[in-house]
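[1] Test case, fold it:
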Amino acid sequence: MNIKKELENSLPTNLKFTEKEKASIRYQVQRLSYTAKFKFKSVILAVFFITIASFFVLSMTLPNLIEENALNDRIIGNTTHSSGETFESFFHRKMKEMHQDEENFTYSLVHTEMNAVHKDDMIAVFKERNSHSEEKIYIAYIEKEGSQWEWKRTRGAEWDSPVKWSSMDKIPYIYSGAIRDNSIVEVYAGDEKAIIIDIVNDKRFWYVISPVKDVQVKMVKKDGTEEVIKSLNFEE
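    Here you go, the predicted structure:
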C-alpha cells in the first residue's frame, strides 16, 4: 500500500497552490507516510517479538504440563480406572464385608509384600480380635486378576496355641506360624529361610514361600541348636 500516492491523489485537482504551499503539502504527505510506515513496522515487530516470547514460554512449560498430566493419568488409572481399586482399599473393604455381623471386631494390617510370587500379587499379614476370642494373626495370599484383586487363601495362628505352623495346600505353598520364644533366631521351610516379623513385645510371626509342598520345618536357636517342628494341620 502506497500511502503517499493515496494522499496526493486524494487532493482536489482544481485547486491552485503556490510553490511554497505545494512544498508544504509534499512535506506533510511525506511526514504522514513515514509515520504510517513506522507505526506499521512497529506493529509488525511487536507481533513478531510477542510470538517469539509466547513460543519460548510454551516450550518451557509444555513438558511440565505433559508430565503432570501423565502423572495424574497414572494416579487415576491406579486407583479408579485401568487398574481398579488399590490393594489397601480392597483389603479394608473385604475385611469389613467378612466381619460385618461381628460385635467389637477390630483388625490391623501389620505387614505386606507385593509381587511376592509374581507380578501383581500380595502377601498380607494382619491381626484381628473380637469380643469372644483371643487375638489371632493371619496371613493371606491375594492376586490381581485383570483389574480386580482376588482373595485366594488364608492361614492363621494363635500366640499360645500348641499349633506351631500351618501351610497352604495350593501353589504358592506358604508356610507360616506364630512364635513367642525369643531364643529362636531363624526358621526354615525346606531350604527356604523365613521372613520373621516383630509384632509386639515377644510376639513374632514368620512365613516362607516355598516351591515345594510338604517340606520339613525347623527352627534355629541362638545357641545353634535346631528343632524340627511338626504341623498339627491348623487351617482357616
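
[2] what residue ranges in this protein are flagged as low confidence?
    1-83, 231-236 (pLDDT under 70).

[3] Do a quick rundown of the strands in the chain.
    106-114, 121-129, 136-145, 148-158, 166-167, 173-179, 184-189, 192-193, 195-200, 203-210, 217-221, 226-229 (DSSP state E).

[4] ok, and which of those has the densest surroundings?
    Comparing the strands of the chain by mean neighbour count (mean count of other Cβ atoms under 10 Å), strand 173-179 comes out on top with a mean of 23. To be clear about C-beta, it is placed using only N, CA and C from the backbone, and glycine gets the same treatment.

[5] what sits against the closest residue to residue 195 other than its chain neighbours?
    Spatially, and ignoring its direct neighbours in sequence, residue 195 is nearest to residue 207 (5.9 Å; Cβ to Cβ, 6 or more residues apart in numbering). The neighbourhood of residue 207, defined by Cβ atoms under 8 Å, 6 or more residues apart in numbering, consists of 123, 125, 139, 174, 175, 176, 177, 194, 195.

[6] Grab the nearest non-local neighbour of the fourth one.
    Right, residue 174. Using Cβ to Cβ, 6+ apart, the nearest residue to residue 174 is residue 168, at 4.6 Å.

[7] Next one: the one you found relative to residue 133, how far apart?
    22 Å (Cβ to Cβ, to the nearest Å).

[8] okay, these two: which has more neighbours?
    The residue with more neighbours, out of residue 168 and residue 133, is residue 168; 21 against 11, by other Cβ atoms under 10 Å.

[9] what about the closest residue to residue 172 other than its chain neighbours, how many residues close to it?
    Distances taken as Cβ to Cβ, 6+ apart put residue 117 closest to residue 172, at 4.6 Å, once the chain neighbours are dropped. Burial measure for residue 117: 16 neighbouring residues, criterion other Cβ under 10 Å.

[10] ditto for residue 91
    21.

[11] for it, what are its contacts?
    Counting by Cβ under 8 Å, 6+ apart, residue 91 has contacts 109, 124, 142.

[12] give the contact list for residue 177.
    The contact partners of residue 177, by Cβ under 8 Å, 6+ apart, come to 157, 163, 164, 165, 166, 187, 205, 206, 207, 217, 229.

[13] Leaving out chain neighbours, which residue sits closest to it?
    Residue 177's closest residue in space is residue 165 (Cβ to Cβ, 6+ apart), at 3.4 Å.

[14] Go ahead and confirm that neighbour touches residue 176.
    Yes: assessed by Cβ atoms under 8 Å, residue 165 is found in contact with residue 176 at 6.4 Å.

[15] Quickly list what's touching both of the two.
    Residues within reach of residue 165 and of residue 176 at once, by Cβ under 8 Å, 6+ apart, are residue 157.

[16] What separation is there between the closest residue in space to residue 128 that isn't next to it in sequence and residue 96?
    Distances taken as Cβ to Cβ, 6+ apart place residue 107 nearest to residue 128, at 4.0 Å, with adjacent residues excluded. Computed as Cβ to Cβ, the residue 107 to residue 96 distance reads 9 Å.

[17] for residue 154, same thing?
    16 Å.

[18] need the contact list for the nearest residue in space to residue 116 that is not next to it in sequence.
    Take residue 116 and drop its neighbours on the chain: the residue closest to it by Cβ to Cβ, 6+ apart is residue 123, 4.5 Å away. If you count contacts by Cβ under 8 Å, 6+ apart, residue 123 has them with 111, 112, 113, 116, 139, 140, 141, 142, 174, 207, 209.

[19] Can you tell me which of these comes closest to residue 199?
    Of all those, residue 199 sits closest to residue 111, with 8.9 Å by Cβ to Cβ.

[20] Noted, bye for now.
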